[in-house]
Every structure is written in C-alpha cells, then in structure tokens.
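K.L.:
what follows is a predicted structure for the sequence shown.
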Amino acid sequence: MSALLARLVANRLFWPIVMLLVLFTINLVAFPGFFAVTLRDGHLFGSLIDILRNGAPTLIIAVGMTLVIATRGIDLSVGAVAAISGAVACSIILGSPEPANPATVAVAVTVALLISLVLGMWNGFLVAVLGIQPIIATLILMTAGRGVAMLITEGQILTVNSPPFKALGSGFWFGVPIAVIIAAVVFGVAALVTRRTALGMFIESVGINPEASRQAGVRARGLLFVVYTFSAFCAAIAGLILTANTAAADANNTGLFIELDAILAVVIGGTSLAGGRYSLVGTLVGALVIQTLVTTVYTVGIPPIATMVFKAAVVTIVCLLQSPTTNEALSGFRRRLALRAGKGVAAS
C-alpha cells in the first residue's frame, strides 16, 4: 500500500490533480450546485461548462506552448498574436457589406490564421536561423505585436455584428460550447501527431540535448520552425475565440497576460522549463487548475483586486510541492517510516 502511495505521489500529475480537487471542493462548499449541469434549449449550462468554455483559449495556447517549452524555448508573443488575429478578423468582417455571411467569416478567419503562420515562422526564423534566445526573439513580437494590432484597428475597439463569427466564442454545437470543441480538437490533434509519430520523440530529443540530436540526424532547425509556427497558430485560434466571445477586437486587452497563464498551465502540468519530456495531459490539468482558480475567486467572493495575489499563492504552492527538493524530502520521510515499521515488526 505504501509503495503504491509512493508511486502516486511521485507522479508529476499528483499534486496538480490534488489542487484541482481541492478547488472543486471549495467551490462545492461555497456553492452546493457547483457540479450541476442543466440542459436548456438544447444547450449545456453550469459552472463546470463555464470552466471548460472560459478555459478553452488558455488550453489551446498552452498546447502550443508545451511543445515550444519542450524544445528549451519560450513564446512570449502568443498574447500579441491573439490580438492581431482578432483584429484582422474583425477588420475584414467590419469592412464587408455582408458581415453576417458565413463566407465572409470564413475568409476573415482564414486570413487571420494565415497571418499567424507567418508570425510563427518569423519567431522560428529568429530562434532557429539567427540563433537569438527564444525569450528575446518572442519578446520582440510581444512588444511590436500589440502595436501592429493597434494599427489594424486604428486605435479603436472594432465591434462587429456577425452571428456566425460570434458563435465561435459563445455558440453551441450539439449542446456543447463550440470553444470547448475547438480546444478538444486542437488538443487531440496535437496529442495524436506527437505521440503516435516520431515527432514527439524528436521534440524531446532537441530539448534534452540539441547537439546530440543534430548529430543523430534530427533537423532541429526545421523542428523549431514547426513548433513556433504551431504555437502562433494556436494563439490565433484562441484570439479568434476571445474576440468572437465579445464580438469586438480590443488590441490592448485581447489575450493580455494569457501567455503567463499558458506558461503556468504547462509548468503546473509537470513540463520542465529546461526542455525535454513534456506532458500534454499535464497541460490540460494545469489549464483546468488555472481556470478553476479564477472561478473560485469569484465564487468565494475574493475581491477582484486580490485575484492575482490569490492565483500567485496557489500556483506557488503547487510548484513548491512539485519541486525536486520537496520530492526528496517526501522520499526521505517515507524511507524513515518504512525503517521504523521494519524495526517494529522485528521487535515483535
């Protein structure tokens, strides 16, 4: 029994799942109907559904961020890319004579996604070809991207009246929020491609030892292009969902600080910032922890001004519990307990 418990505690998903269950319990105590899911007009509603829908953009960006971090990189530009994506889509829809036409929305979404691919390739070029440190390379786009979004919107909040576009953020399909479906598809495709092919192994090898990977024949430069492009693509999808949810493009606030939430989700999920082994399932749990934490703040009644402090405290606790020092201390404690139990059995 103790060996099983030791293996569970040693698992990198143990503490994030424990924290998620603790947050669920707090919400249940504060709001007894927290787990209730109702069906109204063919649509699912409830606190759990809200967590999934509101956490979808963070999860989508975190999936791309996981692969970037696995290569020893970081992408700070995802929030700016999300803002650019929303600004491009809304400007095209607003300039169209038929904003409610699904074809118009399809063109706007396609153009926004194509631009995001170019932005991702730019990040990949800076990192892979020019050899710039990822945090500096993506900081360039993080800083300039907001300015580009402001230029696209001309410094204004672009409000659009397009039901097909708004459905991306607040619509339903077979009773399930479309944002949740999109997030599930992105997560599923990423997991399938990276775990059912050699791509995931190549990503981990580049993160563990880039030089050894190169000598083994892994094209690290092309791989970096792929992961940074995919990260920007994920950011664009999240930006479209965020913009569609409010039916407005706000260059200053769309995706603001979402890169930090995505990084936290990845780290909470057990992926090391040093690169190498990664866990998409852990990222999923981390994104749920982040969004449930935000929901808990409102459910419990914590003042909004203290939200960031509360989030930082919880995230700090989870990270400390996952730290190597804590794991070593727990292992030593379990060994001492086992030793005492053995002495007790021998004495009897």
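P.N.:
Received it, and whenever you're ready, just let me know what you need.
K.L.:
what segments of the stretch 201-348 of the chain are helices?
P.N.:
Assigned by DSSP state H, counting those that start in this stretch, the stretch 201-348 of the chain shows helices spanning 210-215, 220-246, 258-268, 280-300, 307-322, 324-347.
K.L.:
can you lay out those as JSON lines showing distance to Pro163 and mean pLDDT?
P.N.:
Heads up, the C-betas are built off the backbone N, CA and C, glycines and all. Formatted as JSON lines, these follow (distance: least, C-beta to C-beta, whole Å; pLDDT from 0 to 100):
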{"stretch": "helix 210-215", "distance to Pro163": "48", "mean pLDDT": "77"}
{"stretch": "helix 220-246", "distance to Pro163": "10", "mean pLDDT": "94"}
{"stretch": "helix 258-268", "distance to Pro163": "25", "mean pLDDT": "91"}
{"stretch": "helix 280-300", "distance to Pro163": "26", "mean pLDDT": "89"}
{"stretch": "helix 307-322", "distance to Pro163": "32", "mean pLDDT": "75"}
{"stretch": "helix 324-347", "distance to Pro163": "50", "mean pLDDT": "68"}
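K.L.:
can you report how many residues lie near Ser85?
P.N.:
Neighbourhood size, Ser85 [other C-beta atoms under 10 Å]: 33.
K.L.:
wait, it touches Ile241, no?
P.N.:
No - counting by C-beta atoms under 8 Å, Ile241 is not a contact partner of Ser85; they are 9.7 Å apart.
K.L.:
quick check: Leu264 vs Ala312, distance?
P.N.:
For Leu264, the distance to Ala312 equals 9 Å [C-beta to C-beta, to the nearest Å].
K.L.:
same check on Tyr298?
P.N.:
Applying C-beta to C-beta, the value for Tyr298 to Ala312 is 17 Å.
K.L.:
distance to Asp50 and mean neighbour count added to the helices of the stretch 201-348 of the chain, as TSV?
P.N.:
Shown next, in TSV, are those (distance: least, C-beta to C-beta, whole Å; neighbours: other C-beta atoms under 10 Å):
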stretch	distance to Asp50	mean neighbour count
helix 210-215	42	13
helix 220-246	12	25
helix 258-268	16	26
helix 280-300	7	22
helix 307-322	16	15
helix 324-347	33	11
